[in-house]
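Visitor: One predicted model, sequence on top.
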Amino acid sequence: MSVKKIPTEMWERVPSESMDKDVIARPSLTYWQDAWRRLKQNKLAMFGLICVIGLIIWGYFGTVVVEWKNNAEYETNYEELVAAGKQAEADATYVLQPERKINNGNSNLPAIMKLYKVDEDTYFYLVPYEFKIILVEDGQIADKPVPEMDYRRDKDKINESIGADELAHIEQYLTLPKAMQQFKFFEVEDQIIYVPYYFWKEKRAELEADLEDMSNRDKRDDERDRVDKVLKDTPVYHVYMNGEEVKTSKTMLNNKYWFGTDQLGRDIYSRVMYGARISLTVAFVATLVNFIIGVFYGGISGYIGGTVDNVMMRIVDIISTVPLLIYVILIQVFFDQTGLFTICLALGIVFWVRMARLVRGQILSIKEQEYILAARTIGASTGRILSRHLIPNAMGPIIVSLAMSIPSAIFTEAFLSFIGIGIAVPVASWGTMAQEATQNLNAYPYQLFYPALFISATVLAFNFLGDGLRDALDPRLRK
């Protein structure tokens, strides 16, 4: 029966629903495109990626801006000295790296300062435990502390401002050999500021009066601990202005040193920034060594197998049995120096070992696949099989391992610098900053807070990113 003879009523239009069954609802994605799609769905991983990118930009490019500003300041100071006819002083000046630039006058300034009021536009900050005050005028912090008054020279002026009752109380300290350690006098805007320290010592002496009479050692130690807790809540200073005690009246963010200054007056913000650059440099060196040595060493060992595999893995076992600390010490003795080169060389010797074992295991499972046999059959060389077939197909676990090794390298550098065998002082490293901050931890805890915060945040960011990469690159999780 021909088509022309088929009646029209026998023809029936196909429903549109049946045609939609063969439509591809989602565009076809490659393995890496699908991995990126799944990585973007992981909020913690993306947060870690943003933090890592921000840290790289801040650590490397931020230091360039700080150095430029420091050089501009140096040139200005040099020109001013030359214009004033002080050529010798101008020639003696030189550019210090911002993270090493010392200003003892502004040492131990916190990021948040509690100020005492002098007048409407003038305040001052009292640096704890240092007997010095920093003037703040119109919201700007002075470069140098207020000069201390000489009690013997300005005795009449000081005594008149203190008041008779307070003067009678401190006269007993004026005769002591170290009298000036008990109180200080300053003059700001024609007002005398009196800062006594002796009362805190009197409080300690009062609380510890009965300790020596206690025969029970445990009870005496408990009582001493209680005294220490009470003294922590006792203000170190009383501040008097023209004979009347004053309290802090304003809290201000440090607009000159955003993270405060350390015991030498160095800007903690600049030093943390330089510490980021050092930590990231160590991390990237460890990553590069992991990829170049670990991947190809493990790939060759796993692909060739046999005696070559046994010998190469025994070398790995020997290297991994020696602790990293021993390598660092031996390298320092051999090269007679400490610093970034020592850390990078030690990490280069040790860090690729774990990667080599991982890649070897992956290659052992992949090399038995049919496409590897086909490559061998058509005469592909060992190098081509490794670089074009084996390593690319093992790249998922390799990338995850690289991402997880970066926080380990950062923490290792910080730990070695903290114990004094890593980056050498005065170069700024998060580890050296933490080590220096522990010396004044009770008095200025903020100096330890910032390097510890950035170490923790960086390690967490890389861990979040590594966990996200592990999930995104796992082919079993594809949907």
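Guide: Perfect, thanks for sending it.

Visitor: which residue sits closest to Thr251, ignoring its sequence neighbours?
Guide: Lys114 (5.5 Å; C-beta to C-beta, 6 or more residues apart in numbering). Using the backbone N, CA and C atoms, a C-beta is placed for each residue, glycine as well.

Visitor: can you check Asn290 too?
Guide: Nearest residue to Asn290 in three dimensions, chain neighbours excluded: Met355, at 4.6 Å (C-beta to C-beta, 6+ apart).

Visitor: go on, Val82?
Guide: Ala90 (5.0 Å).

Visitor: for the one you found, what are its contacts?
Guide: Ala90 makes contacts with Tyr78, Leu81, Val82, as judged by C-beta atoms under 8 Å, 6 or more residues apart in numbering.

Visitor: Which helix or strand contains the closest residue to the second one other than its chain neighbours?
Guide: Closest residue in space to Leu81, ignoring its immediate chain neighbours: Ala90 at 3.8 Å, by C-beta to C-beta, 6+ apart. In the assignment (DSSP states H and E), Ala90 maps to helix 87-92.

Visitor: Can you list the strands that the helix or strand that that helix is followed by pairs with?
Guide: Next helix or strand after helix 87-92 toward the C-terminus (DSSP H and E): strand 112-117. The pairing partners recorded for strand 112-117 under DSSP bridges are strand 122-127 (antiparallel), strand 250-253 (antiparallel).

Visitor: wouldn't the residue nearest to Thr251 be in contact with Tyr123 here?
Guide: No. The criterion here is C-beta atoms under 8 Å, and Lys114 misses it with Tyr123 at 9.8 Å.

Visitor: Return the helix or strand where Asp222 lies as PDB; C-alpha atoms alone will do.
Guide: Using DSSP H and E, Asp222 falls within helix 217-232. Coordinates of the C-alpha atoms in helix 217-232 are reproduced here as PDB (Å, rounded to 0.1, in the frame of the first residue of the first chain):
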ATOM      1  CA  ARG A 217      53.300  24.900 101.500                       C
ATOM      2  CA  ASP A 218      50.200  23.900  99.500                       C
ATOM      3  CA  LYS A 219      48.100  26.400 101.400                       C
ATOM      4  CA  ARG A 220      50.700  29.100 100.900                       C
ATOM      5  CA  ASP A 221      50.800  28.400  97.100                       C
ATOM      6  CA  ASP A 222      47.000  28.500  96.900                       C
ATOM      7  CA  GLU A 223      47.000  31.800  98.800                       C
ATOM      8  CA  ARG A 224      49.700  33.200  96.500                       C
ATOM      9  CA  ASP A 225      47.600  32.300  93.400                       C
ATOM     10  CA  ARG A 226      44.700  34.100  95.000                       C
ATOM     11  CA  VAL A 227      46.900  37.200  95.500                       C
ATOM     12  CA  ASP A 228      48.000  37.100  91.900                       C
ATOM     13  CA  LYS A 229      44.300  37.000  90.700                       C
ATOM     14  CA  VAL A 230      43.400  39.900  92.900                       C
ATOM     15  CA  LEU A 231      46.400  41.900  91.600                       C
ATOM     16  CA  LYS A 232      45.400  41.300  88.000                       C
END
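
Visitor: related to what we said a few turns ago, now do the helix holding Ala90, average pLDDT.
Guide: The average pLDDT within helix 87-92 is 73.

Visitor: Show me how far that helix is from its chain's centre.
Guide: 36 Å (C-alpha atoms, centre = their mean, to the nearest Å).

Visitor: how about Val136, secondary structure?
Guide: Judged by DSSP: H, G, I helix; E, B strand; the rest coil, the three-state class of Val136 is strand.

Visitor: ok, it to Lys117 distance?
Guide: Per C-beta to C-beta, to the nearest Å, Val136 is found 10 Å from Lys117.

Visitor: Give me the more crowded residue out of those two.
Guide: Neighbour count, other C-beta atoms under 10 Å: between Val136 and Lys117, Val136 has more, with 24 against 16.

Visitor: My read is that the more buried one contacts Leu126, right?
Guide: No. With contact defined as C-beta under 8 Å, Val136 does not count as touching Leu126 (11.3 Å).

Visitor: got any residues that touch both of those two?
Guide: With C-beta under 8 Å, 6+ apart applied, the contact sets of Val136 and Leu126 do not overlap.

Visitor: Need the overlap of contacts for Val136 and Lys117.
Guide: Tyr123.

Visitor: give me the number of residues near Ala111?
Guide: Ala111 has 16 nearby residues by other C-beta under 10 Å.

Visitor: That should have said Pro147, apologies.
Guide: Burial of Pro147 is recorded as 9 neighbouring residues (other C-beta under 10 Å).

Visitor: ditto for Asp138
Guide: The burial count for Asp138: 7, using other C-beta under 10 Å.

Visitor: dump the residue contacts of it.
Guide: Counting by C-beta under 8 Å, 6+ apart, Asp138 touches Asp121.

Visitor: What separation is there between it and Asp34?
Guide: Taking C-beta to C-beta, one finds Asp138 at 59 Å from Asp34.

Visitor: Could you point out the helix or strand that follows the helix holding Asp222?
Guide: Next along from helix 217-232, by DSSP H and E: strand 239-241.

Visitor: Return the set of buried residues in that next one.
Guide: By neighbour count on 16 or more other C-beta atoms under 10 Å, the buried set for strand 239-241 is Val239, Tyr240, Met241.

Visitor: Next: stretch 287-295.
Guide: Neighbour-count burial for stretch 287-295 flags Thr287, Val289, Asn290, Phe291, Ile293, Gly294, Val295 (criterion: 16+ other C-beta under 10 Å).

Visitor: likewise stretch 380-390?
Guide: Here stretch 380-390 shows Ile385, Leu386, His389, Leu390 as buried, counting by 16+ other C-beta under 10 Å.

Visitor: ok, so of these, who is nearest Val333?
Guide: Checking these against Val333 with C-beta to C-beta, the nearest one is Leu386 at 37.6 Å.

Visitor: Remind me which helix or strand the closest residue to that closest one other than its chain neighbours belongs to.
Guide: If the residues on either side of it in the chain are set aside, Leu386 comes closest to Gly299, at 5.0 Å by C-beta to C-beta, 6+ apart. Element membership for Gly299, per DSSP H and E: helix 296-304.

Visitor: re earlier: what is the nearest of the buried residues of strand 239-241 to Asp262?
Guide: Nearest to Asp262 out of the buried residues of strand 239-241 is Val239 (C-beta to C-beta; 24.4 Å).

Visitor: quick one: the closest one and Tyr116 touch, right?
Guide: Yes. With contacts counted by C-beta under 8 Å, Val239 reaches Tyr116, the gap being 6.0 Å.

Visitor: Now do the shared contacts for these two.
Guide: Joint contacts of Val239 and Tyr116 (C-beta under 8 Å, 6+ apart) are Leu126, Val246, Lys247.

Visitor: Buried only: go through those for me.
Guide: Applying 16+ other C-beta under 10 Å to the shared contacts of Val239 and Tyr116 flags Leu126 as buried.

Visitor: May I see the shared contacts of Val239 and Tyr116 organised as TSV, with pLDDT and distance to Tyr269 added?
Guide: Listed next are those as TSV, based on pLDDT from 0 to 100; distance: C-beta to C-beta, whole Å:
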residue	pLDDT	distance to Tyr269
Leu126	86	22
Val246	83	30
Lys247	85	29
